[in-house]
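> model the structure of this input:
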Amino acid sequence: MFGERIREIRKKKKMTLEALAGEELTKGMLSLIENNKANPSMDSLNYIAKRLEVEVADLLEEISSQELHETLEKAEKIYNLPSEKMVDKNKQLITLIDPYITNLTQGYESARLLDIYSRCLYHEKKAGWQNHSEKAAKMYDQMNLTNKRANIGIFWSMVKFIEHDYLQSLQILLSERKKIELNHAFIDPMTRVDFDYHEAILHFAVGDSDSAAHVMENAIHFSKEHRIFYRIDDLYRLAAAHAEMTHNKEAIAHYSLKLKQYGEFADDKQSILVHDFFQVMSFISEKHDYIKALEIIEKHLADPKMIEIYRYLYLLEKGKALFGIGRFTEAIKCLEKVELPTYMHHPFDLSLFYVMDSYKALCYLELGNMDNALRFAKIAVENFEWLPYTPYKDFAAETFNTVKATQ
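Predicted coordinates for the structure are as follows:
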């Protein structure tokens, strides 16, 4: 009731009945209004709202727009914190937003809170997240908030991507993109690049390299034409990975250099790490200069602030280099330190890690431990079995056949 809302706002602002009543209302009448024993006229309601410095609508609603705004501000601060700084942030956000759920019916604050709430429910593996997400999507559509609406469509697609249902993930993304392009008059450049990037990675994931390369190259061209740096590093990394998978040395050199230039320009550590990583791979697989590869690897592994995924990737390359110079026992110990991050889901990324077991098998083969050699060679082949074609898949099969032939 609005009487309770008046009392709640008055106390929040630390106003007495006398202070709020002012010259136009009596303390007794205001008390009756707050206890829902008297209905104020529209003039009185406007007067009370003015004294409280709120809109009349805020007095009539159970939750004021100001309260929703403040709640969203708190939610955004928590939501944007890195997970390692707040391990229970999803639970905290659910607790914060849950009391308002039934009142989130319109406006940006309601849509965004529903959006955040649904994602937190998903990450906590709680039922009902889809309904809240769909409600937020409809509200974004009504307000023509294209970027936010597109982000929800990408989120739905990525849910299936994480489950490794790449085909369904791609179908959802294409369907959502089509709906948004039909229903929204203008797609801003950043949203278009976001769609292009995710579409490209999903075409690669299902093994449609031609479609992926076409979308990816168009996105890079579009970014250059419109001078958009958003996701350009992601696109360069994707292009370099594709070049690596197809043994296109010229493209590897081109996009690796682009990453270095971007890294130096934007002071982006990740881009430099990727550039150096491709250099290491080249020294190992093409030039067989294992010592030079190890120099670069050790320089980065000495950094205590090294990004986790690159620490594992560089350890993997170190294991390959040690294998190359015949230090098989050291190579195995190094490869045993490599872990597959739980957030890795793309076939390109998985391929880089799955080949680790093939190298373990080759090391054990050289050391004469045939049981372990066959065991790890088999693990690699089984891991690659459901992935689309990559040169690493061939390498795993060749390693398995080599080990098996020695039995």
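
> switch to C-alpha atoms for all contacts and neighbour counts from now on
Fine.

> buried stuff in stretch 160-176?
Lys160, Phe161, His164, Tyr166, Leu167, Gln168, Ser169, Leu170, Ile172, Leu173, Leu174, Glu176 (16 or more other CA atoms under 10 Å).

> I'd like to know how many residues surround Asp267.
By other CA atoms under 10 Å, 12 other residues sit near Asp267.

> ok so, going back, between the buried residues of stretch 160-176, which is nearest Val56?
Glu176 (38.8 Å; CA to CA).

> now do the contacts for that closest one.
By CA atoms under 8 Å, 6 or more residues apart in numbering, the contact list for Glu176 reads Ala150, Gly153, Ile154.

> figure out the helix or strand that it lives in.
Secondary structure from DSSP states H and E places Glu176 in helix 166-183.

> picking that back up, report the two of the buried residues of stretch 160-176 separated the most.
Across these (CA to CA), the longest gap, 18.9 Å, separates His164 and Glu176.

> thinking again about what came up before, any quick ChimeraX command for the buried ones out of the contacts of Glu176?
Here is the ChimeraX command that selects the buried residues among the contacts of Glu176 (16+ other CA under 10 Å):
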select :150,153,154
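
> now do the contacts for the nearest residue to Ser110 once chain neighbours are set aside.
Excluding its sequence neighbours, the residue lying closest to Ser110 (CA to CA, 6 or more residues apart in numbering) is Leu104, at 4.6 Å. Residues in contact with Leu104 (CA under 8 Å, 6+ apart) are Ser110, Ala111, Leu113, Leu114.

> okay, those in CSV with neighbour count and secondary structure next?
Converted to CSV, the contacts of Leu104 look like this (neighbours: other CA atoms under 10 Å; DSSP: H, G, I helix; E, B strand; the rest coil):
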residue, neighbour count, secondary structure
Ser110, 22, helix
Ala111, 24, helix
Leu113, 28, helix
Leu114, 27, helix
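
> following element in sequence after the longest helix along the chain, please.
Taking DSSP state H as the criterion, the chain has its longest helix at helix 347-366. Helices and strands here follow DSSP H and E; after helix 347-366, the next one along the chain is helix 370-384.

> helix, strand or coil for Ile228?
Here Ile228 is recorded as coil under DSSP: H, G, I helix; E, B strand; the rest coil.

> against Ala212, how distant is it?
Separation of Ile228 from Ala212 (CA to CA, to the nearest Å) stands at 20 Å.

> the two: which has the busier surroundings?
The residue with more neighbours, out of Ile228 and Ala212, is Ala212; 25 against 14, by other CA under 10 Å.
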